[in-house]
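Peer 1: coordinates only, sequence not included:
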């Protein structure tokens, strides 16, 4: 694709993302590829979205906040959680607040972000888009402390688009169910949901499990290290 579409330099960033980061958890090559992009792409929303994703991966609060402000609202390019569809940039602010140990449930701007995502979900069409957006909405609700709603939404999304019907989008939706369980203190259910994904094609990758902030509530559990060991690259 890089050879066929030289007009899309962002592909040179996505290659180390999929090939190196997902396999090893090392984002050095991704960051180098971002730096090597043409200067004219510095404000490109796709580039900013990837930078935002990795600012969260590195738990770099100041850079995350800076990028959120620079994107000035609107949507990302589908890197929030595992629903693989664009969501409001404000969702990253909610995630950042939880990583800081805050309880963001009562903040009006977070409620507004949640409602914007809900409206997008309500207006979506096609099983894949509907299920993916509902899945991401469930993650947001989990982060906001809305446990019952989050679990119900995440389960419904899995029922709408199971892996047996969509082998590409389906695993991400199941991953989001595990994320919801993780952030609602349902650790046993989180591991029960996550464990099969280590053996599922296009399921959870080592780099995602090792580095992504969505799994932080599980990291102190010995079962987490066991899953990491199962996914660790062998070569």
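Peer 2: That came in fine, so what should we check first? This one's a predicted model, so the numbers in the text were calculated from it and none came from an experiment.

Peer 1: what secondary structure does the spatially most central residue of the chain sit in?
Peer 2: Nearest to the mean C-alpha position of the chain, by C-alpha atoms, centre = their mean, lies residue 81 at 1.9 Å. Classification of residue 81 using DSSP: H, G, I helix; E, B strand; the rest coil returns coil.

Peer 1: would you confirm that it contacts residue 135?
Peer 2: Yes. Using C-beta atoms under 8 Å, residue 81 is in contact with residue 135, at 7.4 Å. (C-beta placed from N, C-alpha, C; glycine too.)

Peer 1: quick check: neighbours shared by these two?
Peer 2: Counting by C-beta atoms under 8 Å, 6 or more residues apart in numbering, the contacts common to residue 81 and residue 135 are residue 176.

Peer 1: how far away is the residue nearest to the centre of the chain from residue 137?
Peer 2: Applying C-beta to C-beta, to the nearest Å, the value for residue 81 to residue 137 is 10 Å.

Peer 1: low-confidence bits of the protein, can you list those?
Peer 2: Residue ranges of the chain with pLDDT under 70: 235.

Peer 1: once you drop chain neighbours, what's closest to residue 136?
Peer 2: Spatial nearest neighbour of residue 136, chain neighbours left out: residue 83 (3.7 Å); criterion: C-beta to C-beta, 6 or more residues apart in numbering.

Peer 1: please identify which helix or strand holds the closest residue to residue 82 other than its chain neighbours.
Peer 2: Once flanking residues are discounted, residue 82 sits nearest to residue 172: 3.8 Å by C-beta to C-beta, 6+ apart. Taking DSSP states H and E as the definition, residue 172 sits inside helix 170-183.

Peer 1: on contacts alone, who are the packing partners of that helix?
Peer 2: Judged by 3 or more C-beta pairs under 8 Å, 6 or more residues apart in numbering; DSSP states H and E, the packing partners of helix 170-183 are helix 127-143, helix 147-160, helix 187-194.

Peer 1: can you show me the helices along this protein?
Peer 2: 11-16, 22-24, 28-35, 45-57, 61-71, 90-99, 108-123, 127-143, 147-160, 170-183, 187-194, 206-211, 222-231 (DSSP state H).

Peer 1: okay if I get the ones you listed as a markdown table plus distance to residue 4?
Peer 2: Output for the helices of the chain, formatted as a markdown table (distance: least, C-beta to C-beta, whole Å):
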| stretch | distance to residue 4 |
| --- | --- |
| helix 11-16 | 9 |
| helix 22-24 | 22 |
| helix 28-35 | 18 |
| helix 45-57 | 18 |
| helix 61-71 | 29 |
| helix 90-99 | 32 |
| helix 108-123 | 32 |
| helix 127-143 | 25 |
| helix 147-160 | 34 |
| helix 170-183 | 26 |
| helix 187-194 | 36 |
| helix 206-211 | 26 |
| helix 222-231 | 31 |
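
Peer 1: switch those over to TSV; also include mean neighbour count.
Peer 2: Compiled in TSV, the helices of the chain are given as follows (neighbours: other C-beta atoms under 10 Å):
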stretch	mean neighbour count
helix 11-16	17
helix 22-24	16
helix 28-35	16
helix 45-57	20
helix 61-71	16
helix 90-99	21
helix 108-123	15
helix 127-143	25
helix 147-160	18
helix 170-183	26
helix 187-194	18
helix 206-211	20
helix 222-231	14
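
Peer 1: out of those helices, which comes closest to residue 77?
Peer 2: Between residue 77 and these, the shortest gap by C-beta to C-beta is with helix 45-57, which sits at 3.9 Å.

Peer 1: for the closest one, the distance to its chain's centre please.
Peer 2: 11 Å (C-alpha atoms, centre = their mean, to the nearest Å).
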